[in-house]
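# dropping a prediction and its sequence here:
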Number of protein chains: 2
Amino acid sequence: MKILIIEDEVELAKTMGAYLSDEHYLCEFAGTYAEAIEKISSYDYECILLDLMLPGGDGLSILREIKYQGKLDGVIIISAKNSLDDKIEGLQLGADDYLAKPFHLPELAARIFSVIRRKTFGSSNILQHNELRIDLPAKSVTVKGKDLSLTRKEFELLIYFVSNKNKVISKTALAEHISGEIADMFDNYDIVYTHIKNLKKKLSEAGCDLYLKTLYGTGYKWQV
Amino acid sequence: MKILIIEDEVELAKTMGAYLSDEHYLCEFAGTYAEAIEKISSYDYECILLDLMLPGGDGLSILREIKYQGKLDGVIIISAKNSLDDKIEGLQLGADDYLAKPFHLPELAARIFSVIRRKTFGSSNILQHNELRIDLPAKSVTVKGKDLSLTRKEFELLIYFVSNKNKVISKTALAEHISGEIADMFDNYDIVYTHIKNLKKKLSEAGCDLYLKTLYGTGYKWQV
DNA sequence: TAGGAACTTCAGAATTACTTCAGAATTGCT
DNA sequence: AGCAATTCTGAAGTAATTCTGAAGTTCCTA
């Protein structure tokens, strides 16, 4: 889960980054308008935290650029000026949420979680698919009521598959997702093989092995 | 799927080429204006990646040349200068997409996929033709709901035929497509024969043998 | 009907995926 | 902070699938 923090106050950005890293998000930073535009154009983020008070350009124009580029990233506006006008304009421009400074970090994390959840799962916290049930806030997966006790990577892998059902996902994409790194190339897919194997094993032990398919020479997909 | 990378920075070109080869594209390179024009005139590519900052000629004039020649290749403009003017002019001249440097390789792959999809399938991801149904993101082919489970080469062959329906395709072109090499001459068409045979067999077993025709001494075509 | 073109079969080569396991790294607990 | 438990990573070996090309057969057309 990649998050872009657009914030010029270095201390605050660091604090946010540290806290969110703790929550296992992968954070990147942009301190200026130009940096922000560059990052936004080049990468996809699950969520963008946008401070409106940015030097070198109005924050809202960054939001306009995001939408103009047709990006689907979630956006949370953060602002010291708790002005109703800004809030309304931001939300009208397509921001997903608004948070006024000062805020508590758990509050921020909750908002991020909810934005990502809405983007991925619609409004529900729980993804149910026949006998498979994924409870996102509880980070638990059950099949026919029996708990699967997946590891973190296995859980993330499963979420990735289920939220991209019927789409082939290449090993390269999976490697990037699993490793949590923004690496350009992977020469080693053993990690992918191993985690896929473990996930498949747990799923099949619970009697749910029919969905995760291997496409020889191509990738994997969650077929429904 | 052939891709032409027009890029003078050798390292970047190599990196892109390596990644896209991993995704099973067949890459060629042009580092200068003259090379680019020559390649474009002689071959057809599914997608051309065009760096605007090329020595020896304005990048946009390459785009003009592509369009002047009536080529149907998809074009993605790549540029370090994230200037809105360039973007607009490029898209006006008929480029299919625009990507600012620096970019992320998966992002590039996604853009290429979407350009090729638009060219081949229109706006849809799914091509349905009577009982035959091709789902591009799922990389699946079904006839009357029954899955065909094609190998990668067979799938690529099928896409190639379907996206060139009613056009005769020479064995040489097919050999090039299958082997992943660009050779001027093939002394051995056994690969083509074998894969065509296998594809035909799978299609006919599913009750779908009427489209892929042999034109004796000329090639093959997907007749609808 | 002759000769080249296309098709079939099939086995070995090449590629890709799976499994196992041990050491490294991380996490959770006191 | 320090220890124990869990999880992750990567190497090595194994298994499965797919690709390739040779050899023989059939088919088409001049």
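All right, it came through fine. Numbers count the residues shown, from 1 in each chain, chains lettered A, B, ... in the order given.

# what residues of the helix or strand encompassing A:Leu60 count as buried?
A:Leu60 is part of helix A:59-68, with elements assigned from DSSP states H and E. Within helix A:59-68, the residues that qualify as buried are A:Gly59, A:Leu60, A:Ile62, A:Leu63, A:Glu65, A:Ile66, counting by 16 or more other Cβ atoms under 10 Å in any protein chain shown. C-beta: built from backbone N, CA, C; applies to glycine.

# ok, now stretch A:166-185?
Applying a neighbour-count criterion of 16+ other Cβ under 10 Å, one finds A:Lys167, A:Val168, A:Ile169, A:Ser170, A:Lys171, A:Thr172, A:Ala173, A:Leu174, A:Ala175, A:Glu176, A:His177, A:Ile178 buried in stretch A:166-185.

# go back to the residues you listed and keep what's next to chain B.
A:Lys167, A:Val168, A:Ser170, A:Thr172, A:Ala173, A:Glu176 (Cβ under 8 Å from any Cβ of the partner chain).

# ok so the fifth one is a strand residue?
No. Judged by DSSP: H, G, I helix; E, B strand; the rest coil, A:Ala173 forms no part of a strand; its state is helix.

# make sure it is actually in contact with B:Glu107.
No. With the criterion set as Cβ atoms under 8 Å, A:Ala173 and B:Glu107 do not qualify as a contacting pair; they are 11.2 Å apart.

# once you drop chain neighbours, what's closest to A:Leu52?
A:Gly59 (3.5 Å; Cβ to Cβ, 6 or more residues apart in numbering or on different chains).

# hmm, back to that, any chance of CSV for the ones next to chain B among the buried residues of stretch A:166-185, columns pLDDT?
CSV is the format used below for those (pLDDT from 0 to 100):
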residue, pLDDT
A:Lys167, 90
A:Val168, 93
A:Ser170, 90
A:Thr172, 87
A:Ala173, 86
A:Glu176, 83
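
# pick the one among these closest to DNA strand C.
A:Ser170 (8.8 Å; Cβ to the nearest atom of the strand).

# name the element the residue nearest to A:Lys71 when sequence neighbours are not counted belongs to?
Counting by Cβ to Cβ, 6+ apart, A:Ile40 is the residue found nearest to A:Lys71 once chain neighbours are left out, at 6.6 Å. Here A:Ile40, judged by DSSP H and E, is contained in helix A:33-42.

# so after that helix, what's the next helix or strand?
If you walk from helix A:33-42 toward the C-terminus, the next helix or strand you reach (DSSP H and E) is strand A:47-51.

# if we can go back for a sec, what angle do the helix holding A:Leu60 and helix A:33-42 make?
Compare the direction of helix A:59-68 with that of helix A:33-42 by axes from the mean of the first three to the mean of the last three Cα atoms, to 10 degrees and you get 20 degrees.

# residue contacts, the residue nearest to A:Lys71?
Applying Cβ atoms under 8 Å, 6 or more residues apart in numbering or on different chains to A:Ile40 gives the contacts A:Leu4, A:Ile48, A:Ile62, A:Glu65, A:Ile66, A:Gln69, A:Lys71, A:Asp73.

# which pLDDT does the model give it?
Among the per-residue scores, A:Ile40 holds a pLDDT of 86.

# for A:Asn164, what are its contacts?
Going by Cβ under 8 Å, 6+ apart, A:Asn164 touches A:Lys221, A:Trp222.

# can you list the residues of chain A near DNA strand C?
By Cβ under 7 Å from any atom of the strand, the residues of chain A that approach DNA strand C are A:24, A:171, A:189-190, A:193-194, A:196-197, A:200-201, A:214-219.
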